[in-house]
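>>> pasting a predicted model and its sequence here:
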Amino acid sequence: MGILTSILVGAVAGWLADLVFKRFSFSLLVEILLGIAGGIVGGFVFGKSTSLIDAILTSFVGAVVILGIAALIKGNTSRA
């Protein structure tokens, strides 16, 4: 994948992951970086992506894993 495609996929995946974990509110740059890092983590878990949708889903799952770990580290401070 090209760099521009990786940034686009990272932005979409990071934004979707941020929607799942509503208690974290990140800037667009952090969401892009989170999505790119999620793509790396997702690539280790699922292997190489074959399509754009597959890349977004893989990056999304990886970003959710990263946010889940961040939530565990931060502690249980959920606001009901």
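Arrived safely, thanks for sending.
>>> element containing Ala63, please.
Taking DSSP states H and E as the definition, Ala63 sits inside helix 52-74.
>>> roughly how far is that helix from the heart of the chain?
Counting by C-alpha atoms, centre = their mean, to the nearest Å, helix 52-74 is centred 4 Å from the centre of its parent chain.
>>> check which residues of it are buried.
Neighbour counts over helix 52-74 (16 or more other C-beta atoms under 10 Å) mark 55-67 as buried. For every residue, glycine as well, the C-beta is placed using N, CA and C.
>>> quick one, what contacts the closest residue to Ala55 other than its chain neighbours?
Using C-beta to C-beta, 6 or more residues apart in numbering and skipping residues adjacent in sequence, the residue nearest Ala55 is Ser49, 3.8 Å away. Applying C-beta atoms under 8 Å, 6 or more residues apart in numbering, we find Ser49 in contact with Met1, Gly39, Gly43, Ala55, Thr58.
>>> quick one, what contacts the third one?
In other words, Gly43. Counting by C-beta under 8 Å, 6+ apart, Gly43 touches Ser49, Thr58, Gly62.
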